[in-house]
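Asker: Provided below for reference: sequence and predicted model.
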Number of protein chains: 2
Amino acid sequence: MRKGVLEYCILLILSRKEAYASSILEELKAANMLVVEGTLYPLLIRQKNQGLLSYRWEESTQGPPRKYYVITAKGREQLAEMDAAWQELGNSIETLKK
Amino acid sequence: MRKGVLEYCILLILSRKEAYASSILEELKAANMLVVEGTLYPLLIRQKNQGLLSYRWEESTQGPPRKYYVITAKGREQLAEMDAAWQELGNSIETLKK
DNA sequence: TTTACTACCTTGTATTGCAAAGTACCAAAT
DNA sequence: ATTTGGTACTTTGCAATACAAGGTAGTAAA
């Protein structure tokens, strides 16, 4: 039914600009979503394995290198589907409220 | 984060009127949510064990007796919390879209 | 008495989310 | 030089959720 709101959020974030895990965590936090590392990292790996994301390493001026994730064409397709699914879920809830 | 949209839907449905599992499935279907028995029955039992629901048996004119579920005061409290959580989730998604 | 329909329940499996602990790079302070 | 602190990525083990599939049982019509 609800195939992962978090997946949806990750694709949303990466559809605007590439990002690395820690920065994604900050964005989620800023949007008031509490997610922790142990949730996010496996999820990113799953989405990469599904071909929705790719990544590249980039040196950081401060600390270890960062793994920047980038959304793929397939990822954008999935995002479009999830947009629709999210919309429908909202409609369903509205229906039940009446 | 998203502590069960389905739980939320069940409470929504039962907040309007009591119902038995099969009728709940029909309501969900009418609202375009695909849920199956194997999902719903354990969920109702869980919610009952949490004190969110109670039930009573009622004879049916056609077929076996039905287990009518009724939302409890505690269930209504939880529903109010979930209403708020649902609202917030929507806000979070909106934030991420900007 | 078999078939059909309705309704409830259980088992096993895959997925998801999290807590917790671990690895490793870098730079500043000791 | 070595320790400390900060950043970042990863893994392991556990609990909860959703589903497919199969099972139990009451009622009534063929």
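Answerer: Noted; the coordinates are in hand. Source: prediction; values computed, not measured.

Asker: I'd like to know how many residues surround the residue of chain A at minimum distance from DNA strand C.
Answerer: For chain A, the residue closest to DNA strand C is A:G38, as judged by C-beta to the nearest atom of the strand, at 2.6 Å. Every C-beta, even on glycine, is put in place using the N, C-alpha and C of the backbone. Counted with other C-beta atoms under 10 Å in any protein chain shown, residues neighbouring A:G38 total 8.

Asker: Quick check, pLDDT for it.
Answerer: At A:G38, the model reports a pLDDT of 96.

Asker: so how far is A:L25 from it?
Answerer: Computed as C-beta to C-beta, to the nearest Å, the A:G38 to A:L25 distance reads 11 Å.

Asker: Over to A:E58?
Answerer: According to C-beta to C-beta, A:E58 stands 17 Å off from A:L25.

Asker: Please say which of those two ends up with more neighbours.
Answerer: Shown here are A:E58 and A:L25; by other C-beta under 10 Å, A:L25 has more neighbours (19 against 11).

Asker: Now name the helix or strand holding the more buried one.
Answerer: Following DSSP states H and E, one finds A:L25 within helix A:21-30.

Asker: Am I right that A:Y69 is in a strand?
Answerer: Yes: membership of A:Y69 in a strand is supported by DSSP: H, G, I helix; E, B strand; the rest coil.

Asker: Wondering if the longest helix along chain A reaches DNA strand C at all.
Answerer: In chain A, taking DSSP state H as the definition, the longest helix is helix A:73-97. No: judged by C-beta under 7 Å from any atom of the strand, helix A:73-97 stays clear of DNA strand C, getting no closer than 11.8 Å.

Asker: Is A:E59 in contact with A:P65, as I believe?
Answerer: Yes: between A:E59 and A:P65 a contact is recorded at 5.4 Å, counting by C-beta atoms under 8 Å.

Asker: Quick check: buried residues in the helix holding A:L25?
Answerer: Across helix A:21-30, burial judged by 16 or more other C-beta atoms under 10 Å in any protein chain shown covers A:21, A:24-25, A:27-28.
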